[in-house]
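Q: Sequence first, predicted model second:
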Amino acid sequence: MSARVTELLTGVLAQERIRHFPGGHGHRAAPEAAPSSLEEAAEVLRLARAERWSVQPLGHGTRLAWLRPRERVDLVLSSRNLRGITSYEPADGTLTALAGTSWAELVAATAGRHHLSPELSEPDATLGGTIAAGLSGFDRLRYGPVRHQVLGLAALHADGTRVKSGGRVVKNVTGYDLHRLWCGSEGTLCFLAEGTLRLYPAPAETAVLRATVASPAEAIGRCHALLRAGVQPLAAVVSAQELAGPAELAVVLAGRPEAVEGEAALVRTHAQPSAELHGADALAARAELCRAGQGALLVLATRPSILNAALGALAKAARALELEPRVSLHPLLATAQVEFPGIQLQDERLLELDEELAGAGLRARWRGLGARTPRPRPAAAAADLMLRLKRSLDPDGLFAGGPP
Ligand SMILES: Cc1cc2nc3c(=O)[nH]c(=O)nc-3n(C[C@H](O)[C@H](O)[C@H](O)COP(=O)(O)OP(=O)(O)OC[C@H]3O[C@@H](n4cnc5c(N)ncnc54)[C@H](O)[C@@H]3O)c2cc1C
C-alpha cells in the first residue's frame, strides 16, 4: 500500500515534498505528503479521496504521544511547508498565519507588543496543530482555551474545497462559528490551512509570589482564598514531590504595574508568600513554571470542587501499586500533571492505575499509553451528535479517526 501511495503522490507533488512518516507512540508509519501551497494540498486530498485513502493531518507531531493511534492511516498530510505570517495588525491586535507556522515564530513576531495565547512551552508546535489539538496554555485561567483566541480559520474539506469561517477582525458577526467546531477536532474533520488569532496587550509587569505549604490540599485552599479576595492571577501552580508531603504554591501576576502591585498585596495577605520575584527574575520563573509537568505521563482533568478528592483517589491507588507520583497542579483549572520518576511506560502498574482511576470516575489522559488504555466512550447523545457531524463534514470518512 505505502509504495502505491508514494508512487501516486509523485503525480501531484514534487519528490522533495514526499517523505516517510516513521510513526511512534503506537502510531503506524506511513508516507507523508508536505504540500507547499493550498492548491497542492487540495490536489493531494482529491487524490486521496479518489483512492479511498485514510488521511491524518500533522503539524510538528508534539501531540502525537497523547493521541490515540488511528486504526488506519494511509497518508500523513503535513503542514510543514505551509508556513509564514500572512498579516500582523498591531493596532487591531490580530495575527493571521499559515497552519504550519511554528509557535516560536508567532511569539517572536508579536514580542514586546502583544501577548499570544495559548502560552505554550513547546516552540515547535504549529498554529494548525495547536488549534486542532484544542487545548489551552499556561495562561488559560485568564484567557481561556485556544478556541477563544481563534477569530477565523480557512480549511480544506475532504474533497479539497477551500472553506472559511469567521474573519480577520475582532468584531465579526456573520455566519456560523464553524471555526469553533474545528478547534479540537484533532484532524478528524478537515485540514486546517490558515488561522487568525486575537492578541492581548503585552503585560508591562510580571510578578511571581511563592509560598511553601504543608500539603497540596492546603495550597489548593489558599488558591481559592485568593480567588475569593478578588485576585485574578495569570496562573496559580502547585508543585509537590509527594501527594501527602509539602508543596510549593506559585502565583503569577501580570498586567499594569499598579494592578500587579494591588494584587500582590492581596496575595501577601491571603497566601503568605515567602519569596517574591519581579522583572527578569519573574519572567524566568514564569517560563520555568510553564515548563513544569513536561515529563508528565498522566493528566487528570477534573472540577475544582472535587480536585482534592481526585488527588486522594490518585494517592490511594498509587500507594496500593507502590507508585510515587509527583504532581504539578493548576488548582483553579482543576488539572493535574502527574509524573512517575523512574517508571517506564511498559510498567503494567500504569494500566492498573488507569483502571483504578476510571473506577473512581476520573478521566485520565496518558502520554504514550493511548493504544493500550480503553477508549473513553462519550454519553450516547454526544456520540450521536459527533457521528452526525463527522458524516456531514467528512462524508467519505477520509480523515482518519473520529467518534467511536
Ligand atoms: C513539551 C511539551 C509541552 C506542551 N505544552 C503544551 C501546552 O502548554 N499547552 C497545550 O495546549 N499543549 C501543549 N503541548 C501539546 C502540543 O504541543 C500542542 O497541542 C501543540 O500545540 C500541537 O501542535 P503540533 O503542531 O505539534 O500538532 P501535532 O502533534 O502535529 O497534531 C496535533 C493534532 O492536530 C492535528 N493537526 C495538526 N495539524 C493540522 C492541520 N493543519 N489541520 C488539521 N488537523 C491538524 C493532528 O492530526 C493531531 O490530531 C505540549 C507538548 C509538549 C511536547
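A: Perfect, thanks for sending it.
Q: Surely Arg365 forms part of a strand?
A: Yes. Applying DSSP: H, G, I helix; E, B strand; the rest coil, one finds Arg365 inside a strand.
Q: contacting residues around it?
A: Counting by Cβ atoms under 8 Å, 6 or more residues apart in numbering, Arg365 touches Trp66, Leu298, Val299, Ala301. Just so you know, the C-beta spots here come from the backbone N, C-alpha and C atoms, and that holds for glycine as well.
Q: what does the stretch 101-250 of the chain put close to the ligand?
A: Residues of the stretch 101-250 of the chain lying near the ligand by Cβ under 6 Å from any ligand atom: 118, 120-122, 125-126, 128-130, 132-133, 135-138, 186-187, 191-192.
Q: What subset of those residues is buried?
A: Buried subset of those (neighbour count, 16 or more other Cβ atoms under 10 Å): 118, 120-122, 125-126, 128-130, 132-133, 135-138, 186-187, 191-192.
Q: among those residues, which are in helices?
A: Among those, the residues falling in helices (DSSP state H) are Gly128, Gly129, Thr130, Ala132, Ala133.
Q: Quick check: of those, which lies closest to Val55?
A: Val55 lies nearest to Ala132 out of these, by Cβ to Cβ, at 13.3 Å.
Q: shouldn't the closest one be in contact with Leu181?
A: No. The criterion here is Cβ atoms under 8 Å, and Ala132 misses it with Leu181 at 11.5 Å.
Q: Where do the helices of the stretch 201-350 of the chain begin and end?
A: Per DSSP state H, counting those that start in this stretch, the stretch 201-350 of the chain has helices spanning 216-228, 257-271, 279-291, 307-320, 348-359. These are given in chain order.
Q: Just send those helices back as JSON lines, with mean neighbour count and mean pLDDT too.
A: Listed next are the helices of the stretch 201-350 of the chain as JSON lines, based on neighbours: other Cβ atoms under 10 Å; pLDDT from 0 to 100:
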{"stretch": "helix 216-228", "mean neighbour count": "19", "mean pLDDT": "95"}
{"stretch": "helix 257-271", "mean neighbour count": "16", "mean pLDDT": "96"}
{"stretch": "helix 279-291", "mean neighbour count": "16", "mean pLDDT": "97"}
{"stretch": "helix 307-320", "mean neighbour count": "18", "mean pLDDT": "95"}
{"stretch": "helix 348-359", "mean neighbour count": "16", "mean pLDDT": "94"}
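Q: Is the residue of the stretch 301-404 of the chain found nearest the ligand within a helix or a strand, and which one?
A: Nearest residue of the stretch 301-404 of the chain to the ligand, counting by Cβ to the nearest ligand atom: Gly401, 7.5 Å away. Assignment of secondary structure by DSSP states H and E places Gly401 within no helix or strand.
Q: CA atoms only: put the helix or strand encompassing Gln56 into PDB for me.
A: With secondary structure defined by DSSP H and E, Gln56 is part of strand 55-58. C-alpha atoms of strand 55-58 as PDB (Å, rounded to 0.1, in the frame of the first residue of the first chain):
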ATOM      1  CA  VAL A  55      -5.500  10.700   5.800                       C
ATOM      2  CA  GLN A  56      -4.100  12.100   9.100                       C
ATOM      3  CA  PRO A  57      -3.100  15.800   9.200                       C
ATOM      4  CA  LEU A  58       0.100  16.500  11.000                       C
END
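Q: Does that strand reach the ligand?
A: Yes. Interface with the ligand: strand 55-58 contributes Gln56, Pro57, Leu58 (Cβ under 6 Å from any ligand atom).
Q: rounded to a whole number, what's the mean pLDDT of that strand?
A: For strand 55-58, mean pLDDT is 98.
Q: okay, now the closest residue to Glu51 other than its chain neighbours: neighbour count?
A: Nearest non-adjacent residue to Glu51, counting by Cβ to Cβ, 6 or more residues apart in numbering: Leu8, 6.6 Å away. Neighbour count of Leu8, defined by other Cβ atoms under 10 Å: 18.
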